[in-house]
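Trainee: Take this sequence and fold it.
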Amino acid sequence: MKVLTHAPADLVIGTSDGVDARFAGVQLKDKPGDVGGANARRAGIHLFLSGVRGEETMSRDVLFERDRDEWAERRKAAGADTTENAPAMPGVAVFERLTAVVSDDLGTEYQWSGGQVAGGGTEWEAHWIYIPTPPAEARTLRFEFNIDGQPTGRYCELKLSESDAAGL
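Mentor: From the prediction side, this is the model:
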């Protein structure tokens, strides 16, 4: 069983583009992931973040819905040949600035391999995958967070059991 041994009291790991981002959990998967990117289909560490809902997210949701409706009308008027992309979900601007450095007590090198972001309406979430899965001997995982490449000063650390580190 993974045990959270250190995290900010409110679990907020930084404020990106005016929205607080919160640590929402970690899963270790010994089977491939189900989100985007070729490497995301590999086994790994799945990190979950969420945007703290408030006036800023609600305001962006309203603007996004308006922009999406206007885009849909333009697309309908232009016909099947239109190439205009749908507007980006507002959560993308928040989570694309955030990164995490993953480390363990053995010095294993982890790399981001894919994920997905949602952020419009009720969802303000990020799901990132890091590879590889921790070695069986690893006892701690640490996630240090950056915004635009600058450390937020916040981190989360998990204690791993033997069954966790062995890939579930």
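
Trainee: any idea how far residue 44 is from residue 112?
Mentor: As judged by CB to CB, to the nearest Å, residue 112 and residue 44 stand 10 Å apart. C-beta: built from backbone N, CA, C; applies to glycine.

Trainee: Any stretches of the chain with poor pLDDT?
Mentor: Within the chain, the stretches with pLDDT under 70 are 1, 30-42, 163-168.

Trainee: center of it - which residue?
Mentor: Geometric centre of the chain, nearest residue: residue 126, 2.9 Å, by CA atoms, centre = their mean.

Trainee: Show me what the helix or strand harbouring that residue packs onto, helices and strands only.
Mentor: Assigned by DSSP states H and E, residue 126 belongs to strand 123-131. Under the contact criterion of 3 or more CB pairs under 8 Å, 6 or more residues apart in numbering; DSSP states H and E, strand 123-131 touches strand 19-29, strand 44-51, helix 90-95, strand 98-104, strand 111-120.

Trainee: got the buried residues for it?
Mentor: By 16 or more other CB atoms under 10 Å, the buried positions in strand 123-131 come out as 124-131.

Trainee: circling back: dump the helices and strands packed on strand 123-131 to CSV, plus distance to residue 6 and mean neighbour count.
Mentor: Shown next, in CSV, are the helices and strands packed on strand 123-131 (distance: least, CB to CB, whole Å; neighbours: other CB atoms under 10 Å):
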stretch, distance to residue 6, mean neighbour count
strand 19-29, 11, 19
strand 44-51, 15, 23
helix 90-95, 22, 23
strand 98-104, 13, 19
strand 111-120, 22, 19
